[in-house]
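A.B. asks: Whatever this is, show me its structure:
(one chain, ligands or ions: 1)
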Amino acid sequence: MSETLPEGVERREIDGRKRLATRGEAVYGEPTDGEWRAWDPDRSKLGAMIELGMDVGLSGGDRVLYLGAASGTTVSHVADFAGPTYAVEFAARPARDLLSVADSRPRLFPLLKDARKPETYAHVVEAGLDAVVQDVATRGQARVARLNRRFLADDGRLLLSVKARSEDVTRGPEAVFEEVLEELEEEYEVLERSRLDDYHDDHLGVVASPR
Ligand SMILES: C[S@@+](CC[C@H](N)C(=O)[O-])C[C@H]1O[C@@H](n2cnc3c(N)ncnc32)[C@H](O)[C@@H]1O
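C.D. replies: Sure, this is the predicted structure:
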């Protein structure tokens with residue numbers, strides 16, 4: 001397992017065992033130790049990717065666009081160690097919780113926007129970002145990643161979680177993943193892929209860089 005964690009992410013003994021952790025206010029009832037809070041890979045695809053040793057290439061202070069922020073479980077951890085973190089979520093109810101998560105995180109910017117319409121937030125989100133993290137769990141996941149490629153620096157990274165059942169409930173996950181990757185590869189080079197089933201059934205984690 002790779003131990004090159006981003007600055008600001010550590011493996012710490014919390015509640016009786018070593019866990020990934022970041023420093024910040026607790027958000028989803030996760031165990032804490034002082035100012036450190038456990039990052040639960042069962043609740044977070046990005047957490048699972050890091051736990052599984054994928055080389056996500058994140059660094060402390062990175063500028064990040066997060067697509068599919070929901071109520072902020074994962075993006076709260078990202079904003080604990082990253083620089084400006086733009087969090088896009090199109091459903092109003094989870095976005096309300098996301099606003100309170102941002103209260104204690106001055107570098108977290110919630111955006112009630114549709115990730116399929118990047119032109120609606122292009123005036124807020126800077127270009128040349130270090131990372132786009134995507135967990136939208138909706139049909140057309142490759143398309144969303146392609147549409148948001150414009151925000152990434154040439155040496156930036158896409159950290160994508162693909163949920164097979166969101167694309168097609170009738171086909172096997174591997175066939176769905178191949179199709180999603182084929183479309184993704186029109187604009188990205190896939191650097192690493194790994195099933196996340198230890199933590200999330202029928203999900204694929206993908207690390208990619210823009211072509
Ligand atoms: C699996 S949940 C995300 C969980 C979250 N990433 C976390 O780990 O804390 C997927 C979220 O993506 C949002 N979503 C789906 N399609 C979207 C779109 N086109 N634009 C913005 N958000 C979208 C859903 O409303 C939902 O909240």
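A.B. asks: Residue 36 and residue 19 touch, don't they?
C.D. replies: No. Judged on CB atoms under 8 Å, residue 36 makes no contact with residue 19 at a distance of 9.1 Å. Heads up, the C-betas are built off the backbone N, CA and C, glycines and all.
A.B. asks: Comparing these two, which shows the higher neighbour count?
C.D. replies: Under the criterion of other CB atoms under 10 Å, the comparison of residue 36 against residue 19 puts residue 19 first, with 22 against 19.
A.B. asks: What's the first helix or strand after the strand or helix carrying the more buried one?
C.D. replies: Assigned by DSSP states H and E, residue 19 falls within strand 17-23. Using DSSP H and E, the helix or strand that follows strand 17-23 towards the C-terminus is strand 32-33.
A.B. asks: Could you list the residues of this protein in contact with the ligand?
C.D. replies: Counting by CB under 6 Å from any ligand atom, the residues of the chain close to the ligand are 44, 68-70, 73-74, 88-91, 94, 114-116, 135-138.
A.B. asks: buried sites along stretch 6-14?
C.D. replies: 6, 8, 9, 10, 12, 14 (16 or more other CB atoms under 10 Å).
A.B. asks: Repeat that for stretch 85-104.
C.D. replies: By 16+ other CB under 10 Å, the buried positions in stretch 85-104 come out as 85, 86, 87, 88, 89, 90, 94, 95, 97, 98, 101, 102.
A.B. asks: One more: stretch 36-44?
C.D. replies: For stretch 36-44, the neighbour count (16+ other CB under 10 Å) marks 36, 37, 38, 39, 40, 41, 43, 44 as buried.
A.B. asks: can you list the weak-confidence ranges in the chain?
C.D. replies: 1-3 (pLDDT under 70).
A.B. asks: Could you rerun that using 50?
C.D. replies: Along the chain, segments meeting pLDDT under 50 span 1-2.
A.B. asks: In it, mark out all the strands, start to finish.
C.D. replies: Using DSSP state E, the strands of the chain run over 9-14, 17-23, 32-33, 36-38, 64-67, 85-89, 108-112, 129-134, 152-163, 188-195, 203-210.
A.B. asks: Can you say which of the ones you listed is nearest to residue 146?
C.D. replies: With CB to CB, the closest approach to residue 146 among the strands of the chain belongs to strand 188-195: 7.8 Å.
A.B. asks: now the angle from the closest one to strand 203-210?
C.D. replies: Strand 188-195 and strand 203-210 meet at an angle of 160 degrees, taking axes from the mean of the first three to the mean of the last three CA atoms, to 10 degrees as the criterion.
A.B. asks: Let me know the closest of the buried residues of stretch 85-104 to the ligand.
C.D. replies: Taking CB to the nearest ligand atom as the measure, the ligand sits nearest to residue 90 out of the buried residues of stretch 85-104, at 3.5 Å.
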